[in-house]
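Q: Here is my input, please return the structure:
(chains A and B)
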Amino acid sequence: MLPTDEKTIRALKVGDEVLLTGTIVTARDAAHKYMVSKQPADLKPLLKNSVIYHCGPIVKKVGDTWHMVCAGPTTSIREEPYEADVMRIYGVRGFIGKGGMGPKTLEACKKFGAVYLHATGGCAAELACTMTEVLEVRKLEFGTPEAFWVIKVDDFPCTVTMDSHGNSLHDVVEAESRKVLQKLIG
Amino acid sequence: MDQKKLPRQLFELIRRTSTDLPPDIQGALEAGARREKSGSSSRTAFRTMLSSVELSRTEDVPLCQDTGSLVWHIHYPDGSPLLPVEKEIEKAIAKATANSLLRPNAVDPVTGKNSGNNLGPGAPVLNFHPWKKKMWEFQLLLKGGGSENVGTQYRLPDSALGAGRDLDGVYKCILDAVWKAQGKGCAPGVICVCIGGNRDTGMEEAKKQALRKLDDVNPDPDLAKLERKLYTDCNKLGIGPMGYGGKTTVLGVKIGKLMRHPACFFVSISYLCWSARRCTMTIKGGKAKYSN
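A: You can find the predicted model right below:
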């Protein structure tokens, strides 16, 4: 259930499969730069104990209401320079994306109590089905893929691949595959 | 070619490319799912991919929210006027964007402004090729940005990799690129390669390999052998779908070649995500046929 709290997040371990219900907020490249450089006050209550989704959706406006047509995860590593600061400034508890993130984010997850949640890339239709309502949109001038979309989700499926105890599935797979690579190319 | 029918035919090509996964790719994902352990994250990832594809087809929505950059290869009867066709393509793209079949993906790199309709300098990418046939062929590739970011270009020799100017050196570059990509390009992808050419033509040719079917056989026996070896060895890396770990890291390896300058030896690699959206439309006597 979202928003969440530190205790719930600390209980999660790499490999846990999670279904999210509640409010999430999309943010990708332009949004991350904006969050860290401008630190707008209006975003703080929205993001406290919440989960950010790395996603640039396809949306549709019917009358005055926005709908999510397609909304799968985007590659998270592009937000590596920003995410530790986002945790510190806003108290965000989780990040949904794909591909995993780096050591700076992993360290900040440990320090501030947050997790990285992996969603299956390319499954945009399936994931959009879990989005029951678009509550609001901020900074639409960034363009529809880059705006902050505040969305209600019901049973959004994802897997913990980086936890708040310093574990990362991405580091494990990278190290194991490196051994194979070295054997193959000498 | 019937100019009156063309707008609808082009729109239909975009709709099909965006909402339908080619059958060879789907078959490879199904085979991938069977190879993973029951209950594993990798098996779940494959299952989610396949059910999302099915949902996109029935609901007529894009497979992925990143509908990519639009790369076109158009074969036309020699001597045909091209400007009207170019205009119709642009109109069809703007219409498909307004209908949520494409996400607006053309951003001015200086002002940061999104053009909102997928049009602008360099968008779409149009390649026209004359031929002697009387029919037209439109090949469309929707190339996602996440996978584009893990594409790369090597310059041989590469001392860090110990890669020389031969096929063994090429082999090392490709494995290295697949390892570096991990799950970030939406694995398992199709690894599209060009050996030789220049900085620009090499990358173009690599991306053109993305139009080949998974089960075709390279007419060049040396390249066919290299493709098979790399397919096997890339899948030994154990990166798996989305980088969760697993037995399927790539769905295929496709390699082309272009003449190189004596001083240059480039290996250009374009990563095609599992949601490999390609479709071909042929128009003969005004009638369109679609195949992906």
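Q: make it CA atoms for all contacts and neighbour counts henceforth
A: OK.
Q: Kindly report the residues of chain A close to chain B.
A: Chain A has residues A:15, A:56-60, A:69-72, A:74-75, A:98-100, A:120-126, A:142-145, A:169-170, A:173-174, A:176-178, A:180-181, A:184-185 near chain B, with proximity defined as Cα under 8 Å from any Cα of the partner chain.
Q: what about the chain, any weak spots by pLDDT?
A: Reading this off chain A. Within chain A, no range satisfies pLDDT under 70.
Q: By proximity to chain B, which residue of it wins?
A: residue A:99 (4.3 Å; Cα to the nearest Cα).
Q: Show me where chain A has its strands.
A: A:17-26, A:51-53, A:58-62, A:65-70, A:94-97, A:115-118, A:131-138, A:148-162 (DSSP state E).
Q: got it, and the stretch 151-292 of chain B?
A: B:152-155, B:189-196, B:250-258, B:266-272, B:277-284, B:287-291 (DSSP state E, counting those that start in this stretch).
Q: wait, which of those strands is closest to residue B:40?
A: strand B:250-258 (18.2 Å; Cα to Cα).
Q: Grab the CA positions of that closest one and hand them over as CSV.
A: C-alpha atoms of strand B:250-258 as CSV (Å, rounded to 0.1, in the frame of the first residue of the first chain):
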residue,chain,number,x,y,z
VAL,B,250,19.8,-12.7,-27.1
LEU,B,251,17.1,-13.9,-29.6
GLY,B,252,19.4,-13.6,-32.6
VAL,B,253,22.6,-12.1,-34.0
LYS,B,254,22.4,-10.6,-37.5
ILE,B,255,25.6,-9.4,-39.2
GLY,B,256,26.1,-7.4,-42.4
LYS,B,257,29.2,-6.0,-43.9
LEU,B,258,30.3,-2.9,-46.0
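Q: Not counting it itself, show me its contacts.
A: B:25, B:28-29, B:187-197, B:202, B:205-206, B:209-210, B:212, B:214, B:218, B:223, B:227-228, B:230-231, B:234-235, B:274 (Cα atoms under 8 Å, 6 or more residues apart in numbering or on different chains).
Q: So which bits of the longest helix anywhere in chain A are buried?
A: In terms of residue count, the longest helix belonging to chain A (DSSP state H) is helix A:169-185. Residues of helix A:169-185 classed as buried: A:169-171, A:173-174, A:177-178, A:180-181, A:185 (neighbour count, 16 or more other Cα atoms under 10 Å in any protein chain shown).
Q: For PyMOL, what selects the buried ones among the residues of chain A next to chain B?
A: The following PyMOL line selects those of those that are buried, judged by 16+ other Cα under 10 Å:
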select buried, chain A and resi 15+56+57+58+59+60+69+70+71+72+74+75+98+99+100+120+121+122+123+124+125+126+142+143+144+145+169+170+173+174+177+178+180+181+185
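Q: burial count for the closest residue to residue B:141 other than its chain neighbours?
A: Using Cα to Cα, 6 or more residues apart in numbering or on different chains and skipping the chain neighbours, the partner closest in space to residue B:141 is residue B:278 (4.5 Å). As a burial measure, residue B:278 scores 26 neighbours (other Cα atoms under 10 Å in any protein chain shown).
Q: neighbours of residue 116, just the number please.
A: Let's take chain A. 28.
Q: My question was about chain B, not that one.
A: 17.
Q: next one: the one 3 residues further on
A: Residue neighbour count, defined by other Cα under 10 Å, stands at 21 for residue B:119.
Q: Identify the residues contacting the closest residue in space to it that isn't next to it in sequence.
A: The spatially closest residue to residue B:119, leaving aside those adjacent along the chain, is residue B:106, at 6.3 Å (Cα to Cα, 6+ apart). Counting by Cα under 8 Å, 6+ apart, residue B:106 touches B:69, B:114-120, B:123.
Q: Narrow those residues to those that are buried.
A: For the contacts of residue B:106, buried by 16+ other Cα under 10 Å: B:69, B:114, B:116-119, B:123.
Q: can you put those in CSV and add pLDDT?
A: Converted to CSV, these look like this (pLDDT from 0 to 100):
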residue, pLDDT
B:69, 98
B:114, 95
B:116, 95
B:117, 97
B:118, 98
B:119, 98
B:123, 98
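Q: Please flag which of those residues sit within strands.
A: residue B:69.
Q: Restricted to helices, list the buried ones among the contacts of residue B:106.
A: Those of those lying in helices (DSSP H): none at all.
Q: What segments of the stretch 101-250 of chain B are helices?
A: Taking DSSP state H, counting those that start in this stretch, the helices of the stretch 101-250 of chain B run over residues B:145-149, B:167-181, B:199-208, B:221-234.
Q: Contact partners for the residue nearest to residue A:165 when sequence neighbours are not counted?
A: Nearest residue to residue A:165, sequence neighbours excluded (Cα to Cα, 6+ apart): residue A:110, at 5.4 Å. Taking Cα under 8 Å, 6+ apart as the criterion, residue A:110 is in contact with A:163-166.
Q: switch to 7 Å and redo it
A: Listed by Cα atoms under 7 Å, 6 or more residues apart in numbering or on different chains, the contact set of residue A:110 reads A:164-166.
Q: and chain B, what are its domains?
A: Listed by automatic domain parsing, the domain ranges of chain B are B:6-17+B:63-144+B:277-291, B:146-272.
Q: Turn these into JSON lines, columns for distance to residue B:55.
A: Listed next are the domains of chain B as JSON lines, based on distance: least, Cα to Cα, whole Å:
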{"stretch": "domain B:6-17+B:63-144+B:277-291", "distance to residue B:55": "9"}
{"stretch": "domain B:146-272", "distance to residue B:55": "19"}
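Q: Quickly compare the ones you listed and say which is most buried.
A: Ranked by mean neighbour count under mean count of other Cα atoms under 10 Å in any protein chain shown, the domains of chain B are led by domain B:146-272, which reaches a mean of 21.
Q: which parts of the stretch 101-250 of chain B sit against chain A?
A: B:103, B:114, B:146, B:172, B:183-184, B:186, B:237-239, B:242-243, B:245 (Cα under 7 Å from any Cα of the partner chain).
Q: export the residues you listed to TSV and tack on distance to residue A:46?
A: Formatted as TSV, those follow (distance: Cα to Cα, whole Å):
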residue	distance to residue A:46
B:103	26
B:114	26
B:146	28
B:172	48
B:183	31
B:184	29
B:186	30
B:237	41
B:238	40
B:239	36
B:242	30
B:243	31
B:245	35
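Q: thinking again about what came up before, other residues contacting the longest helix of chain A?
A: A:14, A:100, A:161-162, B:172, B:237-239, B:245.
Q: just curious, which of these is nearest to residue A:33?
A: residue A:100 (18.9 Å).
Q: and residue 46, what does it touch?
A: Using chain A. So residue A:46 contacts nothing (Cα under 7 Å, 6+ apart).
Q: The chain in question should be chain B.
A: Counting by Cα under 7 Å, 6+ apart, residue B:46 has contacts B:29, B:33.
Q: pLDDT value on it, please?
A: pLDDT for residue B:46: 96.
Q: For it, which three-state class applies?
A: helix (DSSP: H, G, I helix; E, B strand; the rest coil).
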